[in-house]
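>>> sequence and predicted structure are below.
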Amino acid sequence: MSAITTPTTRGKKRRRDQLTFVEFLVFVVPLLVFVITLYGTLIWTFYVSLSNWSGIAANYEFAGFKWYQSLFNNIRFWVDVQNNLKWLILGVIPTVFLAIFLAYLLELAPFPAIESYIRTLILYPVAMSFIVTGTIWSWMYEPKRGVFNTILAALGVQSPLTFTTNPSTATYWLILIFIWQYLGFAVIIIQSSFRTSELQEMVEAATVDGASKLRILFSIIIPNIRSGLLVLVSLLLISTLKVFDIVYIVTFGGPGISTDVLSLYMFIATFQQHLVSMGAALGVIIFLIAFIIVIPYTIYALRRWFE
Amino acid sequence: MKKIFALLSGLMIFSMILSACAPQTVVQTVVVTEVVTQEVVVEGTPQVKEVVKTVVVEATPEPKKPQLIIFNWWTAPGEREAADAMYEAFKAKYPDVEIVENPTPGGGGVNQRVVLQARMTAGLPPDTFQTLGGAELKAYVDAGQLEPLDDLWAQLDYANKIPGPLAKAVTVDGHPYVVPLNMHIQNILYYNKALFDELQLTPPTNYDELVATCEAIKAAKPDLACIGLGSKEKWGDAFVFDAVFMEEAGPADYVKFYKGELDPATFEPFKRSLEKFQALAPYINTDHAGLTWDQATALLPGGTAAMTLMGTWAIGALEKGGGWKAGVDFGAVTFPQKPERILLFHPDTYGLAKGAPNPETTLKWLEVVASPELQVPTDVIQGGLFARTDIDPTEFPDPIRQELMQYVRDNPDKLILDQHGSIAPSSFTSEYWNAIASFLVQPNVDATIQQVASLFQQFNVKDASAWYQWP
């Protein structure tokens, strides 16, 4: 920027790496505030997780890895880790595949007249808050008076579905809400990555060559929408990892602790049990999982993208 | 050098912006210039000289309206009106005081506590805040966030105005720390009166009668759940379990158990209670895990459950939410009544926060909290019993609370802290609810006993709840 500045306008030529005062204010101050709030609280959380803060008043006495140890000995923690893994796998993979499929269907446009309406329609859920959709879904899921079982009963089917009240399957029903909510958003991202001229040309060439529609999808489109997949998978990974609201609203971790996740446990530990250091330790663990799973994926995907 | 200058000036501007945000005290200074005519005698000839005197008059700052900063979680319908009734009682006595309320939208105890905890940690305590008696109060006392109120209690003779166990539930190491304004009773069994009349049933008062009643209901109405339960918040399960456990263990061991003085692994009544609790599962609505307490209570007027075990706050939910009338559409008994009729309770209380900005006003507030003028309207609306035993029980509109209040007056010693008041610290209790709730959906007696035993160890319940004295 400063290279463009001509000496005549500023009197004397400034060096390239020097910032003007205004530039400093505009760029550096917000950056500083951002870095301090983000990394400051991150470090602070780590510090608190090593202290002995249990109770309402702060206590920064050093306790080492005491709280991590007590977490690792806790059944609930491992239930949560399992549930978080279920979310990571079942919340991301089906969503991505469904999205590719739906996006391709829309792209083939069997009904060009209503295509834009359909797109808007499936995008709607993501515009709503999880608090709202969670409440609605928890009503629909009610085994006795909920929408699904009432419809089934009206059709004469004695529904065996217990939805979120069965501890062994409850988490899957919660993940279904997530998929429903994020699907439209995923479709839009995938669709936009279809719209590159190279891809369009390749598809045209394949069509001329007589490739089938499915063949085009698997051999041409999917290998060539990396940028879209990169964005989508990272976003979904992060969203499933930090899932809190759906669980909080629909089951509050129940029945028992069968749908509990790390973030909900963090909230309960900190504010209900007053085990602030343990809550901080859970926060650090969530961060580490993100670090281990999300960041390597992003780096890997970025590398491939720029190859 | 320039960089350093830029950095410094940036910081300066930043700090100037920050300090500009800080509230400033405005002191008006008025400069009055007056001309005083003085006679000055200079060597015999009287001369008039004008002396100009400048008098600076500092305006005395307008007397600040006394304030009371209060934190409570009564924001839900029914509770909001109760909070307003409290303020009205206070305003009637101290009309000058401005009440600054910091309710947290969304009600719910947990959310309010999140904000309060953050404020206290930041060193910004309110004057007074709502807390339950028992473990929650103990946590504030341990954190050094409440002032002892020995003088106020002595002045009001409050220890003799309320039941002994209630005073003990808010007294730590001999010092009372808060003023309770009500008592909520946990173990009440509400039942559909029309149904019981139709089937000629009498409300059960112990476990065996409960099972027999449920069998009779199941035989007559197979679609009806005998016990309506909402376990989404987890404590609903603990309520039902407590009812079974109280009968098995008896009051003295019940207290010892939650004080961590008994080993769950060897304490037989705990094991028997789990088995009996498990045997109740077929009588409970199958969708309990998805329901909150108010949704479960609504099953009674909704005609899908015959009974529910819930606290005194369910009376309001049944009357206002369900359109039922106490004593007409629904009846209530405390459960169990064997081996003794014990009422499990917790109080709502207010105390004086350490570092409170307006301690004198707060003491006035607490005095009103202790008075019948506040307790009668507030408790009648909000749903609990009066903390004071010298108020006429017929102040309550419903026969259920009239009877309960009369029982408390006659038997003030039959009160023990409940799940919400909690004898054990909240770190334990929260996990304990999970263990009991998990047990109901995936019963495994031995694993649950082990888990509960390790919870007692992990959270050092024995030391943490040694403060609680009963009887």
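Cool, got the structure.

>>> which residues of the chain score low on pLDDT?
In the absence of a named chain, chain A is used. For chain A, applying pLDDT under 70 flags the ranges A:1-17, A:305, A:307.

>>> sorry, I should have been clearer: chain B.
Residues of chain B meeting the criterion pLDDT under 70: B:1-63, B:103-110.

>>> and the residue of it that's closest to chain A?
With distances taken as CB to the nearest CB, chain B approaches chain A most closely at residue B:438, which sits 2.9 Å away. In this view, the C-beta of every residue, glycine as well, is placed from N, C-alpha and C.

>>> from residue A:166, how far out is the nearest residue to that residue once chain neighbours are set aside?
Using CB to CB, 6 or more residues apart in numbering or on different chains and skipping the chain neighbours, the partner closest in space to residue B:438 is residue A:256 (2.9 Å). Distance, residue A:256 to residue A:166, by CB to CB, to the nearest Å: 11 Å.

>>> higher neighbour count, those two?
residue A:256 (26 against 17; other CB atoms under 10 Å in any protein chain shown).

>>> need the strands for the stretch 301-450 of chain B, in chain order.
Counting by DSSP state E, counting those that start in this stretch, the stretch 301-450 of chain B has these strands, from start to end: B:305-310, B:330-334, B:343-346, B:348-351, B:385-386, B:415-417.

>>> and these as TSV, adding distance to residue A:101 and mean neighbour count?
Conversion of those to TSV gives the following (distance: least, CB to CB, whole Å; neighbours: other CB atoms under 10 Å in any protein chain shown):
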stretch	distance to residue A:101	mean neighbour count
strand B:305-310	44	27
strand B:330-334	54	22
strand B:343-346	55	26
strand B:348-351	56	27
strand B:385-386	61	28
strand B:415-417	58	26
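
>>> tell me who's in contact with the closest residue to chain B within the stretch 201-307 of chain A.
The nearest approach of the stretch 201-307 of chain A to chain B comes at residue A:256, 2.9 Å away (CB to the nearest CB). When contacts are counted by CB atoms under 8 Å, 6 or more residues apart in numbering or on different chains, residue A:256 is found next to A:167, B:289, B:434, B:437, B:438, B:439, B:440, B:441, B:442.

>>> about what we covered before: so who does the residue of chain B closest to chain A touch?
The neighbours of residue B:438, taking CB under 8 Å, 6+ apart as the test, are A:167, A:255, A:256, A:257, A:258, B:448.

>>> and residue A:295, how many neighbours?
Applying other CB under 10 Å, we find 12 residues neighbouring residue A:295.

>>> dump the strands of the stretch 301-450 of chain B to JSON lines, plus distance to residue A:104.
Supplementary listing: the strands of the stretch 301-450 of chain B in JSON lines, determined by distance: least, CB to CB, whole Å:
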{"stretch": "strand B:305-310", "distance to residue A:104": "50"}
{"stretch": "strand B:330-334", "distance to residue A:104": "58"}
{"stretch": "strand B:343-346", "distance to residue A:104": "59"}
{"stretch": "strand B:348-351", "distance to residue A:104": "60"}
{"stretch": "strand B:385-386", "distance to residue A:104": "66"}
{"stretch": "strand B:415-417", "distance to residue A:104": "62"}
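
>>> make TSV from these and add distance to chain A to it.
Formatted as TSV, the entries for the strands of the stretch 301-450 of chain B read as follows, by distance: least, CB to the nearest CB, whole Å:
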stretch	distance to chain A
strand B:305-310	11
strand B:330-334	21
strand B:343-346	16
strand B:348-351	13
strand B:385-386	26
strand B:415-417	18
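
>>> residue B:131 belongs to a strand?
Yes: per DSSP: H, G, I helix; E, B strand; the rest coil, residue B:131 lies within a strand segment.

>>> quick check, it in contact with residue B:349.
Yes: using CB atoms under 8 Å, residue B:131 is in contact with residue B:349, at 5.8 Å.

>>> got any residues that touch both of the two?
Shared contacts of residue B:131 and residue B:349, counting by CB under 8 Å, 6+ apart, come down to B:137, B:178.

>>> residues near residue 265, how many?
You didn't pick a chain, so chain A it is. The number of residues packed around residue A:265, counting by other CB under 10 Å, is 25.

>>> not what I meant, chain B
Number of residues near residue B:265 (other CB under 10 Å) recorded here: 14.

>>> so where's the longest helix in the chain?
Answering for chain A, as no chain was given. When chain A is parsed with DSSP state H, its longest helix is helix A:75-108.

>>> think we crossed wires, I meant chain B
Using DSSP H to define each element, chain B has its longest helix at helix B:235-258.

>>> before we move on, the earlier item: check which helices and strands the longest helix of chain A is in contact with.
In terms of contacts (3 or more CB pairs under 8 Å, 6 or more residues apart in numbering or on different chains; DSSP states H and E), helix A:75-108 is packed against helix A:115-127, helix A:170-194, helix A:226-241, helix A:262-271.

>>> residue contacts, the closest residue to residue A:77 other than its chain neighbours?
What sits nearest to residue A:77 in space, not counting adjacent residues and going by CB to CB, 6+ apart, is residue A:71, at 4.6 Å. Residue A:71 makes contacts with A:77, A:278, A:281, A:282, A:285, as judged by CB under 8 Å, 6+ apart.

>>> helix, strand or coil for residue A:71?
Under three-state DSSP, the three-state class of residue A:71 is helix.

>>> now it: how far from chain B?
The spacing between residue A:71 and chain B, counted by CB to the nearest CB, to the nearest Å, is 11 Å.

>>> do residue A:194 as well
Distance, residue A:194 to chain B, by CB to the nearest CB: 40 Å.

>>> residue contacts, that residue?
A:103, A:104, A:107, A:200, A:221, A:225, A:228.

>>> could you do residue B:340 as well?
In this structure, residue B:340 makes contact with B:250, B:251, B:414, judged by CB under 8 Å, 6+ apart.

>>> those residues: which ones sit near chain A?
Restricting the contacts of residue B:340 to those adjacent to chain A (criterion: CB under 8 Å from any CB of the partner chain) removes every one of them.

>>> got the residues you listed as JSON lines, with neighbour count columns?
Written out in JSON lines, the entries for the contacts of residue B:340 read as follows (neighbours: other CB atoms under 10 Å in any protein chain shown):
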{"residue": "B:250", "neighbour count": "16"}
{"residue": "B:251", "neighbour count": "19"}
{"residue": "B:414", "neighbour count": "18"}
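
>>> wait, doesn't residue B:349 sit right on residue B:184?
No: with contacts counted by CB under 8 Å, residue B:349 stays clear of residue B:184, the gap being 11.5 Å.

>>> narrow the contacts of residue A:256 to those that are buried.
When neighbours are counted using 16 or more other CB atoms under 10 Å in any protein chain shown, those contain these buried positions: A:167, B:289, B:434, B:437, B:438, B:439, B:440, B:441.

>>> angle of the longest helix of chain A against helix A:115-127?
Here helix A:75-108 points in a direction 160 degrees away from that of helix A:115-127 (axes from the mean of the first three to the mean of the last three CA atoms, to 10 degrees).

>>> go through helix A:75-108 and flag the buried ones.
Along helix A:75-108, these residues count as buried under the neighbour rule (16+ other CB under 10 Å): A:76-77, A:79-81, A:83-84, A:86-88, A:90-92, A:95-96, A:98-100, A:102-106.

>>> also compute the angle for that helix relative to helix A:262-271, please.
Taking the same axes, to 10 degrees, one finds that helix A:75-108 is oriented at 140 degrees with respect to helix A:262-271.

>>> does stretch B:129-148 reach chain A?
Yes: judged by CB under 8 Å from any CB, stretch B:129-148 and chain A are in contact via B:139, B:140, B:142, B:143, B:144, B:145.

>>> between those residues, which is closest to residue A:126?
Top of the list for closeness to residue A:126, among the residues of stretch B:129-148 next to chain A and by CB to CB, is residue B:139 at 40.4 Å.

>>> that closest one: neighbour count?
By other CB under 10 Å, neighbour count at residue B:139 equals 22.

>>> same thing with residue A:111?
Residue crowding around residue A:111 was assessed by other CB under 10 Å; the count is 11.

>>> roughly how far does the closest residue to it other than its chain neighbours sit from residue A:191?
Using CB to CB, 6+ apart and skipping residues adjacent in sequence, the residue nearest residue A:111 is residue A:118, 7.7 Å away. To residue A:191, residue A:118 is 11 Å away according to CB to CB.
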